[in-house]
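1. Sequence below, structure please.
(one chain, ligands or ions: 2)
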Amino acid sequence: MPGSCIRHSKQAARPMLLCRAAYEHIVGSLVAADVNVGIIVGRFNDLVTKLLLEGALEAIHRHGGNREATDVVWVPGSFELPVVAKAMAKSGKYDAVLALGAVVRGSTTHYDAVAGAAASGLLSAGADTGVPIIFGVLTCETMEQALDRAGGKLGNKGGETALTAIEMANLLKSLRASGKAAAAWGLSK
Ligand SMILES: Nc1c(NC[C@H](O)[C@H](O)[C@H](O)CO)[nH]c(=O)[nH]c1=O
Ligand SMILES: CC(=O)[C@@H](O)COP(=O)(O)O
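-> Ligands and ions are numbered 1, 2, ... in the order given. Sure, this is the predicted structure:
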């Protein structure tokens with residue numbers, strides 16, 4: 001147990017390194033070759049979401065993913081992401097589902113309802129199925145903030161979250177193959 005590692009004042013680093021080395025660290029691969037990803041995109045603010053999708057597809061392609069294993073599904077807005085995410089997850093066809101959207105604050109409190117519903121709904125979809133549902137929804141005060149994060153000066157959250165989807169898909173595949181995680185649950189098949 002880590003707590004049992006005795007720390008010696010002059011060799012403190014060495015025992016701890018030995019402690020860490022004694023344990024298997026399980027990390028999901030970023031190779032997309034055998035990963036089936038379902039991408040759901042909110043059409044609202046598609047000036048932004050199209051860029052998020054572009055980043056996601058480029059990342060998947062760059063990591064060895066193929067077109068046949070990646071489905072792109074469009075919904076009206078971020079509020080609609082969770083129901084489709086859960087439905088796609090329950091199909092058993094996907095190793096991960098990536099939800100992309102852009103919620104930009106307007107002049108009412110509608111922003112809070114949409115952003116909150118998308119976040120909690122997507123979280124529940126993953127918890128209810130055991131299929132990784134990745135939150136690729138921008139929640140921004142301004143369109144400029146959103147564009148900065150959709151391929152602008154702050155990178156592309158679509159590409160970043162696509163890598164999260166690949167890693168989580170491979171991690172769960174690996175854990176499940178070695179009996180260290182339960183199979184996905186609540187699937188329709
Ligand atoms: N204002 C934004 C929306 N609003 C639309 C909702 O997502 C939903 O489609 C509507 O309430 C009907 O159910 N959606 C976004 O994705 N981003 C926004 O900024
Ligand atoms: C996030 C939204 O729903 C928002 O863009 C809508 O704008 P408004 O609050 O001005 O109606």
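
2. Give me the distance between stretch 31-42 and the centre of its chain.
-> In terms of C-alpha atoms, centre = their mean, to the nearest Å, the centre of stretch 31-42 is found 10 Å from the chain centre.

3. packing partners for the host helix or strand of Glu144?
-> Secondary structure from DSSP states H and E places Glu144 in helix 143-148. Counting contacts by 3 or more C-beta pairs under 8 Å, 6 or more residues apart in numbering; DSSP states H and E, helix 143-148 is packed against helix 46-62, strand 96-104, strand 133-140. Quick note: C-beta positions are derived from backbone N, CA and C, even for glycine.

4. Between strand 96-104 and the longest one, find me the angle.
-> The reference is to helix 46-62. If you take axes from the mean of the first three to the mean of the last three C-alpha atoms, to 10 degrees, helix 46-62 sits at 150 degrees to strand 96-104.

5. so Val35 makes contact with Ala96?
-> Yes. With contact defined as C-beta atoms under 8 Å, Val35 and Ala96 form a contacting pair (6.8 Å).

6. residues shared between the contacts of those two?
-> Residues touching both Val35 and Ala96 comprise 165-166, 169, with contact defined as C-beta atoms under 8 Å, 6 or more residues apart in numbering.

7. Do a quick rundown of the helices in the protein.
-> 13-21, 46-62, 81-90, 110-129, 143-148, 157-177 (DSSP state H).

8. What average pLDDT does the first one get?
-> What helix 13-21 shows for mean pLDDT is 70.

9. With the second one instead?
-> Averaging pLDDT along helix 46-62 yields 98.

10. That helix near ligand 2 at all?
-> No. Judged by C-beta under 6 Å from any ligand atom, helix 46-62 and ligand 2 are separated, with a smallest distance of 11.8 Å.

11. and the protein, which residues reach ligand 1?
-> Residues of the chain lying near ligand 1 by C-beta under 6 Å from any ligand atom: 42, 44-45, 76-80, 101-104, 110, 114.

12. Do you know the pLDDT at the residue most central in space within the chain?
-> Relative to the mean C-alpha position of the chain, the nearest C-alpha, by C-alpha atoms, centre = their mean, is the one of Ile134, at 2.6 Å. Predicted confidence (pLDDT) at Ile134: the value is 99.

13. mind listing what the closest residue in space to Lys86 that isn't next to it in sequence touches?
-> Among residues not flanking Lys86 along the chain, Ala125 sits closest, at 3.8 Å (C-beta to C-beta, 6 or more residues apart in numbering). By C-beta under 8 Å, 6+ apart, Ala125 lies in contact with 82, 85-86, 89, 97, 131, 133.

14. Swap in 7 Å and give it another go.
-> 82, 85-86, 89, 133 (C-beta atoms under 7 Å, 6 or more residues apart in numbering).

15. Equivalent analysis for Val35, please.
-> By C-beta under 7 Å, 6+ apart, Val35 lies in contact with 65, 69, 95-96, 166, 169-170.

16. What about the closest residue to Gly92 other than its chain neighbours, how many residues nearby?
-> When the adjacent residues along the chain are set aside, Gly92 lies closest to Leu187, with 4.3 Å between them (C-beta to C-beta, 6+ apart). Taking other C-beta atoms under 10 Å as the criterion, the count of residues near Leu187 is 14.
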